[in-house]
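1. take a look and give me a structure for this.
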Amino acid sequence: MNASFKARFIRLSIWAAGIFVVMCCFRLLYGYVATAPESGSVFSDYFDGITDLRKNYASEKQQASNPSAFAATSQKYEKTASLRTQIAKFDDDSRLVKQQVTAFNAIIQYEQAMGLKGKRQLHLLIGVAPAAFDSFYLAVQQIGRLKASVITKVDKTNEYKQLNAKKVSLEKILGSLNELRSHGGDLSDLVTLHDKILEIENRMQELGVELGNFDEENEFCTVKLSLYEGAEAAPQSISFIHRLKVALQWTILWYMYLGIGVVLASLAILLILLIAGRLKKMDLFKTE
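-> Sure thing, here's the model as predicted:
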């Protein structure tokens, strides 16, 4: 009896120790293979918090879907590149960026410089001709150390059509109101009519500004460039002792959770068995 209990205890202890070692080795290995977050992720996107920036649109001709039609349709789109770059020589690299802007006949539409020396930032919104967009995008990537970049292209054809339809509708309303005013009437009615005409004219002016962004003479793609000053930090090596310490801390915590779970599950099973045994004694499990 004692020998059997001792052997069973040793067997359970070996299993428990084995599980602990496996969990610890797993966590230690994970510390080596896990990918550290890119250091550039600490640079937030400055332009996310800026509203009322100029919208740049471009167009490209598309052949009509009907083969018999020779006319090509124009697709309106908004193309934006966002780049975040770390630079060590802030003044020189900032000057180099502006030289590239001049070389590609681009336009700086928004500029914001901030920060003290050593931690300065420069944020530029640059309008680039669609034909030069890809070349300019590649050129500015060569300046400093690129931390993040993304290009998005959004179709704006339907939005452009809706704005034109709204313009036509407002023109019809304005024409009707002017015709009513020409017929004369009570002074109060004429004042109300005049206010309504002014409101429609203001809406048409705002609409004209929006449509002006789609004008082929103003076609640009957008480059949002953020420059962050700072020398590249040397990668920090993590000692094996530290990794082992972290692995042991993690293993002890989760091993404790696992042990508590096993105990609770065992108690639940034992309780179910006791209830089943009690019900069986009460002949509730007997079959006819």
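
2. domain assignment for the protein?
-> Per the record, the chain has its domains at 52-62+72-156+216-232, 157-213, by automatic domain parsing.

3. most neighbours per residue, which of these?
-> domain 52-62+72-156+216-232 (a mean of 16; mean count of other Cβ atoms under 10 Å). Glycine gets a C-beta too; all of them are placed from N, C-alpha and C.

4. mean pLDDT lowest where, among the domains of the chain?
-> Lowest mean pLDDT within the domains of the chain: domain 157-213, a mean of 82.

5. returning to that earlier point: okay, the domains of the chain in TSV with distance to G261 next?
-> Shown next, in TSV, are the domains of the chain (distance: least, Cβ to Cβ, whole Å):
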stretch	distance to G261
domain 52-62+72-156+216-232	42
domain 157-213	55
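
6. can you give me the helices for the stretch 151-288 of the chain?
-> Assigned by DSSP state H, counting those that start in this stretch, the stretch 151-288 of the chain shows helices spanning 157-182, 187-212, 240-281.

7. can you put the ones you listed in TSV and add distance to G49?
-> Formatted as TSV, the helices of the stretch 151-288 of the chain follow (distance: least, Cβ to Cβ, whole Å):
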stretch	distance to G49
helix 157-182	24
helix 187-212	23
helix 240-281	36
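
8. of all the ones you listed, which lies closest to C25?
-> helix 240-281 (8.0 Å; Cβ to Cβ).

9. avg pLDDT for that closest one?
-> On average, helix 240-281 scores 87.

10. tell me how far the helix or strand harbouring Y110 lies from the chain's centre.
-> Taking DSSP states H and E as the definition, Y110 sits inside strand 107-114. Averaging C-alpha positions (Cα atoms, centre = their mean, to the nearest Å) puts strand 107-114 22 Å from its chain's average.

11. quick one: contacts of it?
-> 46, 50, 53-54, 56, 98, 101, 120-127, 220 (Cβ atoms under 8 Å, 6 or more residues apart in numbering).

12. ok, 10 Å please
-> Residues from elsewhere that reach strand 107-114 (Cβ atoms under 10 Å, 6 or more residues apart in numbering): 46-47, 50, 52-54, 56, 90, 94, 97-98, 101-102, 120-129, 220, 222-227.

13. which ones among those are found in strands?
-> 121-128, 222-227 (DSSP state E).

14. pairing partners for the strand holding Y110, with directions?
-> Paired with strand 107-114 in the same sheet, following DSSP bridges, are strand 121-128 (antiparallel).

15. export the strand it pairs with to PDB, keeping only CA atoms.
-> Extracted in PDB, the C-alpha atoms of strand 121-128 (Å, rounded to 0.1, in the frame of the first residue of the first chain):
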ATOM      1  CA  GLN A 121       9.900  67.800 -36.000                       C
ATOM      2  CA  LEU A 122       8.900  69.000 -39.500                       C
ATOM      3  CA  HIS A 123       5.600  68.100 -41.000                       C
ATOM      4  CA  LEU A 124       4.900  68.800 -44.700                       C
ATOM      5  CA  LEU A 125       1.800  68.400 -46.900                       C
ATOM      6  CA  ILE A 126       3.100  68.300 -50.400                       C
ATOM      7  CA  GLY A 127       1.100  68.400 -53.600                       C
ATOM      8  CA  VAL A 128       2.800  66.500 -56.400                       C
END
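
16. report the distance from it to the chain centre.
-> Centre-to-centre, strand 121-128 and its host chain are 19 Å apart (Cα atoms, centre = their mean).

17. output the contacting helices and strands for the following helix or strand past that strand.
-> Once strand 121-128 ends, the next helix or strand along the chain (criterion: DSSP H and E) is helix 133-141. Applying 3 or more Cβ pairs under 10 Å, 6 or more residues apart in numbering; DSSP states H and E, one finds that helix 133-141 contacts strand 72-87, helix 90-103, strand 121-128, strand 145-155, strand 221-229.
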